[in-house]
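S.K.: need a 3D model of the following:
(chains A and B)
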Number of protein chains: 2
Amino acid sequence: MPANILSGKPIAEAIKSEVAAEVADLRSRFGFSPCLTVVRVGEDPASAVYVGSKVKTAAEIGMISEEIHRPVETSRDEIVAIVDELNSRDEVDGILVQLPLPKHVDEREILERIDPLKDVDGFHPINAGRLTQGHDALLPCTPAGVIEVLKRSNVDVAAKHAVVVGRSNIVGKPMAMLLLQENATVTICHSRTRNLPEITSQADILIAAIGRAGFIRGEHIREGATVVDVGINSVSDPEFAKELFGDDLEKRLATIDKRGSTIVGDVNPKEAIEKAANFTPVPGGIGLLTVAMLMKNTVKAAKMRRL
Amino acid sequence: MPANILSGKPIAEAIKSEVAAEVADLRSRFGFSPCLTVVRVGEDPASAVYVGSKVKTAAEIGMISEEIHRPVETSRDEIVAIVDELNSRDEVDGILVQLPLPKHVDEREILERIDPLKDVDGFHPINAGRLTQGHDALLPCTPAGVIEVLKRSNVDVAAKHAVVVGRSNIVGKPMAMLLLQENATVTICHSRTRNLPEITSQADILIAAIGRAGFIRGEHIREGATVVDVGINSVSDPEFAKELFGDDLEKRLATIDKRGSTIVGDVNPKEAIEKAANFTPVPGGIGLLTVAMLMKNTVKAAKMRRL
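M.R.: Numbering: from 1, shown residues only, chains lettered A, B, ... in the order given. Modelled structure (predicted):
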């Protein structure tokens, strides 16, 4: 039986509706709307798209949203001054500095400069530490979104074996900590792991966050597992596409023909759909949750700081 | 062949010698000795022993050490005032508030109040976050001591499968993060884990930090594994002692007879010695490292803050 597809769209929409209701409630009861400010430096086209979507979604659900855009040559001191000013502006609830920053700027310094109470990306070390220690924190949006998808799809996590492939600070490590908090037994694999298929095929829940197109194959997947694909990669080779796509191959090949590439996750979707019980698609899966969870974090930050 | 016993004593002594040399160097080159201040509240007898050992060891290796002892009825405000004063005293490099604190005091609030640069226990969330994110931090002493034992005993960690049983903020979780940083594949098990022996018996390196006397048995251990026992428990039942101890049973029974109890870790030593390639004993293993690593942290804190 092919895998049940865990579409991100209805879940992201449900979260956005819930957040919109909270925003309306804050406005009517306390007279303010949460405010998200996104800082973008330079002309990276993907960043422009991401930031546009974040600012637009915030506005749609009734928040105040603002983009501060500066040219690529903006100095470290100027960026620090922007962050300091946003930290001090009382009506700003969430500050998001879109990555990557230009190479002459130390990203870590800038991220650590954000007031942890306004750190809606959840990247500040004090938020990472609170998460690790099991305390309330602003959580990184993507792994928090994975938890929402699992819960809202009625995938049991407690006492299950969850295997996370990838150990980034943005996804892999916080993902492992969140799954642990949900009482999973958690294994973290990475580029140095030996016998990867032997370990991943023990997973009841397998999370792929490695950044390699279609890397997780059938041999990595336990029959009946839930497979969550966090990757977003581009595929332009039609031969490779034939290995990756099943029912939608024609459509995918047409996309490559028309636009030069198509999007695939870190999991081979054809093989995952054959073996897994549940599978999050790419596109249309976890990616949609990231913006929704950013909205949720912004309202949480507003409540934590203002109420 | 019985396991090679990884005795903590020579390793702890080596670390203390290295730290003593660093202290002497700081004094001769920069004219100061690092200062460790330990705060103890109440009359817990174990705390008195631990604090005594920390203060004495610091003095032995040439540091300035100081104990601030207050009665059990000391208020939250008074403890906060002590921490604030230590934070502001420039000559204090390391602040350790001995746990447990009396029940009327919120331990977390007090620990988070310590200046992260003086947090030589490594319990502040910002240090936990820096560790999780792979950045330089003051590390919790016990898991950092485990890494020292593995490295100085030439136990390879990179690309090995390490299984940590226990997920406390003090040992289990930071232990997992440190092993990950050393490029191990890491699994974290806990009380909710199903089929524990099936998972632990895959471990090349098995770390037991659960707080249950002799809980890890032969069936949990892979033949030839390295088994690190972080537990410290008391056993008073001679029948149970017979299950736990092998060559030293007579001595252990004599100790129970004389003192009412003997010390055992979270691992059944008799069965571990039969199956493991390497085993850290209790007592005489990891416990000895904790104080040595505290000394190392205090010198590190002094250098980070003063140089």
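S.K.: neighbouring contacts of stretch A:84-101?
M.R.: Residues from elsewhere that reach stretch A:84-101, judged by C-beta atoms under 8 Å, 6 or more residues apart in numbering or on different chains: A:32, A:34-42, A:44, A:47, A:50-51, A:54, A:64, A:79, A:83, A:107, A:110-111, A:113-115, A:118-121, A:294, A:297-299, A:301-302, A:305-306. Just so you know, the C-beta spots here come from the backbone N, C-alpha and C atoms, and that holds for glycine as well.
S.K.: so how do I select the buried members of those in ChimeraX?
M.R.: Those of those that count as buried under 16 or more other C-beta atoms under 10 Å in any protein chain shown are selected in ChimeraX with:
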select /A:34,35,36,37,38,39,40,41,42,44,47,50,51,54,64,79,83,110,111,113,114,115,118,119,120,121,294,297,298,299,301,302
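S.K.: let's see which of the contacts of stretch A:84-101 end up in strands.
M.R.: A:35, A:36, A:37, A:38, A:39, A:40, A:41, A:64 (DSSP state E).
S.K.: look up how far chain B lies from the nearest residue to the last one once chain neighbours are set aside.
M.R.: The shortest distance from residue A:64 to any non-neighbouring residue, by C-beta to C-beta, 6 or more residues apart in numbering or on different chains, is to residue A:35 (4.0 Å). Residue A:35 sits 25 Å away from chain B, going by C-beta to the nearest C-beta, to the nearest Å.
S.K.: domains for chain A, by residue range?
M.R.: A:30-115, A:141-289 (automatic domain parsing).
S.K.: out of these, flag the one nearest residue B:15.
M.R.: domain A:141-289 (27.0 Å; C-beta to C-beta).
S.K.: run the chain-centre distance for the closest one.
M.R.: 13 Å (C-alpha atoms, centre = their mean, to the nearest Å).
S.K.: likewise for stretch A:103-122?
M.R.: Distance, stretch centre to chain centre, for stretch A:103-122: 17 Å (C-alpha atoms, centre = their mean).
S.K.: can you give me the end-to-end span of that stretch?
M.R.: Taking C-alpha to C-alpha, to the nearest Å, the first and last residues of stretch A:103-122 lie 22 Å apart.
S.K.: for stretch A:206-220, same thing?
M.R.: Separation of the first and last residues of stretch A:206-220 by C-alpha to C-alpha is 9 Å.
S.K.: contacts for whichever strand or helix holds residue A:207, please.
M.R.: Following DSSP states H and E, one finds residue A:207 within strand A:205-208. Strand A:205-208 is contacted from outside by A:146, A:150, A:155, A:157, A:160-166, A:175, A:179, A:184, A:200, A:215-216, A:220-222, A:225-231, A:265-267, A:276, using C-beta under 8 Å, 6+ apart.
S.K.: partners of whichever helix or strand comes after it in the sheet?
M.R.: Next along the chain after strand A:205-208, taking DSSP H and E as the criterion, comes strand A:226-229. Strand A:226-229 has the following sheet partners, assigned by DSSP bridges: strand A:205-208 (parallel), strand A:278-279 (parallel).
S.K.: mean confidence for the first one?
M.R.: The pLDDT scores in strand A:205-208 average 98.
S.K.: flag every residue of chain A that's near chain B.
M.R.: Residues of chain A found near chain B (C-beta under 8 Å from any C-beta of the partner chain) are A:108, A:124-135, A:158-159, A:161, A:167, A:169, A:173-174, A:176-177, A:180, A:183, A:185-190, A:192-194, A:199.
S.K.: give me the buried subset of these.
M.R.: By neighbour count, with 16+ other C-beta under 10 Å, the residues of chain A next to chain B hold A:124-133, A:159, A:161, A:167, A:169, A:173-174, A:176-177, A:180, A:183, A:185-190, A:193, A:199 as buried.
S.K.: show me those residues that map onto strands.
M.R.: If you go by DSSP E, these have A:161, A:185, A:186, A:187, A:188, A:189 in strands.
S.K.: what's across from the third one in the sheet?
M.R.: The partner list for residue A:186 in beta bridges (DSSP bridges) reads residue A:162, residue B:188.
S.K.: related to what we said a few turns ago, state the distance from the residue nearest to residue A:64 to residue A:155.
M.R.: Going from residue A:35 to residue A:155 by C-beta to C-beta, to the nearest Å gives 34 Å.
S.K.: before we move on, what about residue A:210?
M.R.: Applying C-beta to C-beta, the value for residue A:210 to residue A:155 is 21 Å.
S.K.: also residue A:227?
M.R.: With C-beta to C-beta as the criterion, residue A:227 and residue A:155 are 11 Å apart.
S.K.: any residues in contact with both of those two?
M.R.: Residues touching both residue A:227 and residue A:155 (C-beta under 8 Å, 6+ apart) are residue A:278.
S.K.: out of these two, which sits in the busier spot?
M.R.: Neighbours were counted for residue A:227 and for residue A:155 using other C-beta atoms under 10 Å in any protein chain shown; residue A:227 has more, 29 against 17.
S.K.: that one - nearest residue in space that isn't next to it in sequence?
M.R.: Leaving out its chain neighbours, the residue that sits closest to residue A:227 by C-beta to C-beta, 6+ apart is residue A:276, at 4.3 Å.
S.K.: picking that back up, save the ones in strands among the buried ones among the residues of chain A next to chain B as a markdown table, and put in pLDDT too.
M.R.: Listed next are those as a markdown table, based on pLDDT from 0 to 100:
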| residue | pLDDT |
| --- | --- |
| A:161 | 98 |
| A:185 | 98 |
| A:186 | 98 |
| A:187 | 98 |
| A:188 | 98 |
| A:189 | 98 |
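S.K.: now the residue of the stretch 201-307 of chain A found nearest chain B, nearest residue through space, not along the chain?
M.R.: As assessed by C-beta to the nearest C-beta, chain B sits closest to residue A:202 within the stretch 201-307 of chain A, at 8.2 Å. Excluding the flanking residues, the one nearest residue A:202 by C-beta to C-beta, 6+ apart is residue A:161, at 5.8 Å.
S.K.: how near is the one you found to residue A:225?
M.R.: Distance, residue A:161 to residue A:225, by C-beta to C-beta: 10 Å.
S.K.: before we move on, back to that, now render the domains of chain A as a markdown table, adding distance to residue A:14.
M.R.: Output for the domains of chain A, formatted as a markdown table (distance: least, C-beta to C-beta, whole Å):
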| stretch | distance to residue A:14 |
| --- | --- |
| domain A:30-115 | 12 |
| domain A:141-289 | 7 |
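S.K.: pick the most deeply packed of those.
M.R.: When these are scored by mean count of other C-beta atoms under 10 Å in any protein chain shown, the highest mean neighbour count falls to domain A:141-289 (a mean of 21).
S.K.: got the end-to-end distance for that one?
M.R.: With C-alpha to C-alpha, one end of domain A:141-289 sits 8 Å from the other.
S.K.: between the ones in strands among the buried ones among the residues of chain A next to chain B, which is closest to residue B:250?
M.R.: Proximity of these to residue B:250 (C-beta to C-beta) peaks at residue A:185, which lies at 39.1 Å.
S.K.: the residue most central in space within chain A: what secondary structure?
M.R.: Residue closest to the average C-alpha location in chain A (C-alpha atoms, centre = their mean): residue A:142, at 2.1 Å. Put simply, residue A:142 is helix when judged by DSSP: H, G, I helix; E, B strand; the rest coil.
S.K.: contact partners for it?
M.R.: Taking C-beta under 8 Å, 6+ apart as the test, what residue A:142 contacts is A:170, A:171, A:175, A:230, A:286, A:289, A:290, A:293.
S.K.: now the common contact residues for residue A:161 and residue A:225.
M.R.: Jointly contacting residue A:161 and residue A:225 under the rule C-beta under 8 Å, 6+ apart are A:203, A:204, A:205.
S.K.: which residues are in contact with the first one?
M.R.: By that I understand residue A:203. Applying C-beta under 8 Å, 6+ apart, we find residue A:203 in contact with A:161, A:162, A:163, A:187, A:221, A:222, A:225.
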